[in-house]
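K.L.:
quick one: sequence plus predicted model below, questions after.
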Amino acid sequence: MQQSSLPTSRTSRRKARLAEVLCRRQYDLTLVLANIHDQHNVSAIYRSCDAFGVGCVHLYYTDTPFPVLGRKSSASARKWVESVRHSTSADLLRSLRCKAMRVLATSCSLRAVPLRAWNLTRPTAVIMGNEHSGVDENLLALVDGEIYIPMYGMIQSFNVSVAAAIILAEAARQRDAAGMYVAPRLNGTELKAKLAEWLKK
């Protein structure tokens, strides 16, 4: 009897764990990876997204191939974070704005506003740019605002994966204070469908 009950017990625990994580997913918070070429940066961003409850990332690759990610470093996180690919800025912005998301881009321009000045409890997408050239100017022209992380040292830029983690940590801080990790963000039907999908992974 004990041996036959073990698989059922493990299945029940796994289902409960998946449901717990799903209930905390923030589907109105996302990152856009715009031509980020380094596989380690991309893998680290996926891990941060999973850790802070981001359910989906958007991939915007126009002049850089999406990197081949190592299985060990990224497979576990990518398994639980959805990816949506876009080949044009029009498709990207349409996809985000149909979800009523405000679209921000990381930037060091004079137009950029400090991270903590933004209300990240609102539906928000943040575009993270290429390691060398940042967010493409044509894409910057279409966003609703620009965001930067204040720095106080000699070096005035963060690695893109570190910047993504800092931005998501601030979003999580604001959302946790607002109680947004307490109740499911999906309705009952959506939650049930997602759980059934996750149980197959």
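P.N.:
It's in. Computed from a prediction, not measured in an experiment: that's the story for all the values here.
K.L.:
all strands for this structure, in order.
P.N.:
Using DSSP state E, the strands found in the chain span residues 29-34, 56-60, 82-86, 102-106, 113-114, 124-128, 145-148.
K.L.:
tell me the helices and strands packed up against the first one.
P.N.:
What that stands for is strand 29-34. Under the contact criterion of 3 or more Cβ pairs under 8 Å, 6 or more residues apart in numbering; DSSP states H and E, strand 29-34 touches helix 39-51, strand 56-60, helix 89-97, strand 124-128, helix 160-177. C-beta coordinates here come from the backbone N, C-alpha and C atoms, glycine included.
K.L.:
any chance of JSON lines for the ones you listed, columns distance to Ala112?
P.N.:
What follows is those, written out as JSON lines (distance: least, Cβ to Cβ, whole Å):
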{"stretch": "helix 39-51", "distance to Ala112": "20"}
{"stretch": "strand 56-60", "distance to Ala112": "19"}
{"stretch": "helix 89-97", "distance to Ala112": "19"}
{"stretch": "strand 124-128", "distance to Ala112": "12"}
{"stretch": "helix 160-177", "distance to Ala112": "12"}
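K.L.:
can you put those in JSON lines and add mean neighbour count, distance to Lys201 and mean pLDDT?
P.N.:
Shown next, in JSON lines, are the helices and strands packed on strand 29-34 (neighbours: other Cβ atoms under 10 Å; distance: least, Cβ to Cβ, whole Å; pLDDT from 0 to 100):
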{"stretch": "helix 39-51", "mean neighbour count": "21", "distance to Lys201": "13", "mean pLDDT": "95"}
{"stretch": "strand 56-60", "mean neighbour count": "20", "distance to Lys201": "15", "mean pLDDT": "97"}
{"stretch": "helix 89-97", "mean neighbour count": "17", "distance to Lys201": "24", "mean pLDDT": "96"}
{"stretch": "strand 124-128", "mean neighbour count": "25", "distance to Lys201": "25", "mean pLDDT": "98"}
{"stretch": "helix 160-177", "mean neighbour count": "19", "distance to Lys201": "22", "mean pLDDT": "98"}
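K.L.:
lovely, talk soon.
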